[in-house]
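Chemist: sequence-free structure coming up:
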């Protein structure tokens, strides 16, 4: 069934959204974003399998590459925040607050 | 044929339950390292689902890139930022219920929309694509290097830019 894969993707996506909103530690927020990206990949492959088409798999590969780039830059930013503030607590990163 | 379908369903639900459980551990655990390790379980489960969806090449890439590289990067991040290893109650902010509400609302809306739109749509039992003699991996590589050659090159440049950017952002002498 197509829907069981799509629903699994939806559940994983929502768990990731909860993590992004509820977590304080920056690294944990990055992990939640990875959950969201994986949920999207499941959906892409499910639709690809349903249509008998490889385009879904190709786009999943592209998303994996973009996720790798995102984690690299994201962790570099976390490191520089930690170096400047000695903390990775997101509530304390508020210097752009109006 | 029916036995294969039943076996596929059993494996799907077993893996899906493991994944959802591990994902909940990722977002609720008060131990950062435990979150990272639960994330490995989720990534492995996603790779297994890719195999069920006949995406062998994507599954192998998932294992290599996510489990092999991204999790290690995450653990590096945890160690370098000296997050408290072990129990730390101060990991979830006080407005966590907003997140829970949003997530429940989203899962409700998306679940309703998906069931409404796709209902009992079946996946083809034989999930091999296009050319019966070629493997799915061969078809994927053909697609990447013909139809999607330009996006592929753009991704390469993006990875290079991200690499340089990460080094520039994280280096000390500025």
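Modeler: Arrived safely. Source: prediction; values computed, not measured.
Chemist: Can you pull out the low-pLDDT segments for chain B?
Modeler: Within chain B, the stretches with pLDDT under 70 are B:1, B:83-89, B:125-134, B:174.
Chemist: So for residue B:34, what's the nearest residue that isn't a sequence neighbour?
Modeler: residue B:25 (6.9 Å; C-beta to C-beta, 6 or more residues apart in numbering or on different chains). (C-beta placed from N, C-alpha, C; glycine too.)
Chemist: in terms of contact, does the one you found touch residue B:36 like I think?
Modeler: No: taking C-beta atoms under 8 Å as the definition, residue B:25 is not a contact partner of residue B:36, at 10.5 Å.
Chemist: Would you mind telling me which of these two has the busier surroundings?
Modeler: A count of neighbours by other C-beta atoms under 10 Å in any protein chain shown puts residue B:36 above the other of residue B:25 and residue B:36, at 20 against 17.
Chemist: Distance-wise, check that one relative to chain A.
Modeler: Note on residue B:36: its distance to chain A, by C-beta to the nearest C-beta, to the nearest Å, is 7 Å.
Chemist: Contacts only, for that residue.
Modeler: Going by C-beta atoms under 8 Å, 6 or more residues apart in numbering or on different chains, residue B:36 touches A:31, B:71, B:74, B:75, B:78.
Chemist: name the element it belongs to?
Modeler: Using DSSP states H and E, residue B:36 sits within helix B:32-52.
Chemist: quick one on the thing from earlier: the residue nearest to residue B:34: what's it in contact with?
Modeler: B:34, B:35, B:38.
Chemist: what number of residues lie near the first one?
Modeler: By the criterion of other C-beta under 10 Å, residue B:34 has 15 neighbours.
Chemist: ok so, going back, between the contacts of residue B:36, identify the one with the most neighbours.
Modeler: Neighbour-wise, the contacts of residue B:36 (other C-beta under 10 Å) top out at residue A:31, 29 neighbours.
Chemist: That residue and residue B:37 touch, don't they?
Modeler: No: using C-beta under 8 Å, residue A:31 is not in contact with residue B:37; the gap is 10.9 Å.
Chemist: Kindly list the longest helix within chain A.
Modeler: helix A:55-85 (DSSP state H).
Chemist: What helices and strands are in contact with the host helix or strand of residue A:9?
Modeler: According to DSSP H and E, residue A:9 maps onto helix A:2-22. Helices and strands touching helix A:2-22, by 3 or more C-beta pairs under 8 Å, 6 or more residues apart in numbering or on different chains; DSSP states H and E, are helix A:26-51, helix B:2-28, helix B:32-52, helix B:96-118.
Chemist: ok so, going back, how much does the helix holding residue B:36 deviate in direction from helix A:55-85?
Modeler: 170 degrees (axes from the mean of the first three to the mean of the last three C-alpha atoms, to 10 degrees).
Chemist: Give me the neighbour count for the nearest residue to residue A:64 once chain neighbours are set aside.
Modeler: Nearest non-adjacent residue to residue A:64, counting by C-beta to C-beta, 6+ apart: residue B:65, 5.2 Å away. When neighbours are counted by other C-beta under 10 Å, residue B:65 registers 18.
Chemist: check contacts around the residue nearest to residue B:104 when sequence neighbours are not counted.
Modeler: What sits nearest to residue B:104 in space, not counting adjacent residues and going by C-beta to C-beta, 6+ apart, is residue A:14, at 7.5 Å. Neighbour list for residue A:14: B:103, B:104, B:106, B:107, B:110 [criterion: C-beta under 8 Å, 6+ apart].
Chemist: can you put those residues in JSON lines and add neighbour count?
Modeler: Listed next are the contacts of residue A:14 as JSON lines, based on neighbours: other C-beta atoms under 10 Å in any protein chain shown:
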{"residue": "B:103", "neighbour count": "22"}
{"residue": "B:104", "neighbour count": "12"}
{"residue": "B:106", "neighbour count": "16"}
{"residue": "B:107", "neighbour count": "19"}
{"residue": "B:110", "neighbour count": "17"}
